[in-house]
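*Asks:* Fold the following.
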Amino acid sequence: MSKATSETENGTGIDAVEQCRRDERRARYEGFEFRVPAEGRVLVTNVSYNQAEADDHRYVVSVENGVAWSCTCPHHEYRSARCKHMRAVANTDAVIMAASALGGELSEGRQ
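*Replies:* Predicted coordinates:
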């Protein structure tokens, strides 16, 4: 079998390509707030949840050389996958630029 198996990788039975597509769609339609507290770090909060739950959906995405390369969320940590938080940061040029330039013009923002 040459098909990438997510059963072992992500436990859902979805192949890796489909999982990437789903993560990209979610990164585009879910609401995220970004804050750049330090160079190379973006605090990402998923505001699609109510305020009480939003705190449970806040993660740190690390940016290096203009690339979002890691996230503290379980999806990335346990599956080594490019999660929706990393994709949301990568899809927002101003956030990448701010994280690369120690805040630059943008210290807080919303997608």
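*Asks:* Check which residues of whichever strand or helix holds R28 are buried.
*Replies:* Counting by DSSP states H and E, the element that carries R28 is helix 16-29. Neighbour counts over helix 16-29 (16 or more other C-beta atoms under 10 Å) mark Q19, D23, R26, A27 as buried. From N, CA and C alone the C-beta is placed, and that goes for glycine too.
*Asks:* avg pLDDT for that helix?
*Replies:* Averaging pLDDT along helix 16-29 gives 75.
*Asks:* Now do that helix: distance to the chain's middle.
*Replies:* Taking C-alpha atoms, centre = their mean, to the nearest Å, the mean C-alpha location of helix 16-29 is offset from the chain mean by 11 Å.
*Asks:* The residue found closest to V47 once you drop the neighbours it is linked to in the chain and N50, how far apart?
*Replies:* Closest residue to V47 apart from its sequence neighbours, by C-beta to C-beta, 6 or more residues apart in numbering: G31 at 4.4 Å. Distance, G31 to N50, using C-beta to C-beta, to the nearest Å: 12 Å.
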